[in-house]
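J.: predicted structure and sequence below. I'll ask about it afterward.
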Amino acid sequence: MDLQQLNSVDKAEEGALLLLRHPVTDDTLIDEETKEPVSILLYGADSKIMRDAAHKEATRRLQKSMQRGKLKLDAEELDNSAREIDVIAVKSWNHIKVAGQKLDCTPEHIRFVYQHFP
C-alpha cells in the first residue's frame, strides 16, 4: 500500500459530513421543507484550520503559565476552550433551525447551538 494514496490531509480539509440524529429514535433528522438531512460539515483534525486552532490554544496556555510561573486552569476555562475549538471545526451546515428560524452558519450561531443543544 502506497501511503500517498491515503492523503488524510486533503480529506481533513474537505471535511466529514455529520448527519444529525434524533436523540430518542436515532432517526436521521430531516428538514420538513426540503426533505434533506440536517447536517454539519466538520473539518478534520489534520486540516490546517484545526491544527492552527490547536497551536493557538497551546501557545495561549504556555504564555499564561509563563506569566504566572505555573499553569492554572479551571474546568470552566477548559470547557470554553474546547467549545471554541468545536466552533472552529464547523465548516458549514444545512437546515439548522431554532424556533422555526433558519440559522446562518456563523461563529455566533454555532456557539449558540452548541451551548443550548449540546
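T.: Received it, and whenever you're ready, just let me know what you need.

J.: secondary structure class for Lys91?
T.: strand (DSSP: H, G, I helix; E, B strand; the rest coil).

J.: show me what contacts it?
T.: Lys91 makes contacts with 15, 41-43, as judged by Cβ atoms under 8 Å, 6 or more residues apart in numbering. The C-beta positions use only the backbone N, C-alpha and C, and glycine is treated the same way.

J.: how confident is the prediction for it, by pLDDT?
T.: Confidence at Lys91, expressed as pLDDT, is 98.

J.: for it, give its distance to Arg51.
T.: Distance, Lys91 to Arg51, by Cβ to Cβ, to the nearest Å: 15 Å.

J.: also Asp26?
T.: According to Cβ to Cβ, Asp26 and Arg51 sit 33 Å apart.

J.: same check, this time on His22
T.: From His22 across to Arg51, the span is 33 Å (Cβ to Cβ).

J.: where exactly do the helices run in the protein?
T.: 8-14, 48-68, 75-89, 107-116 (DSSP state H).

J.: what about the third one, distance to the chain center?
T.: Spelled out, it's helix 75-89. Taking Cα atoms, centre = their mean, to the nearest Å, one finds the center of helix 75-89 at 9 Å from the center of the full chain.

J.: buried set for that helix?
T.: 84, 87-89 (16 or more other Cβ atoms under 10 Å).

J.: any chance of these in CSV, plus distance to Asn7?
T.: Compiled in CSV, those are given as follows (distance: Cβ to Cβ, whole Å):
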residue, distance to Asn7
Glu84, 28
Val87, 26
Ile88, 22
Ala89, 20
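
J.: this completes my enquiry, with thanks.
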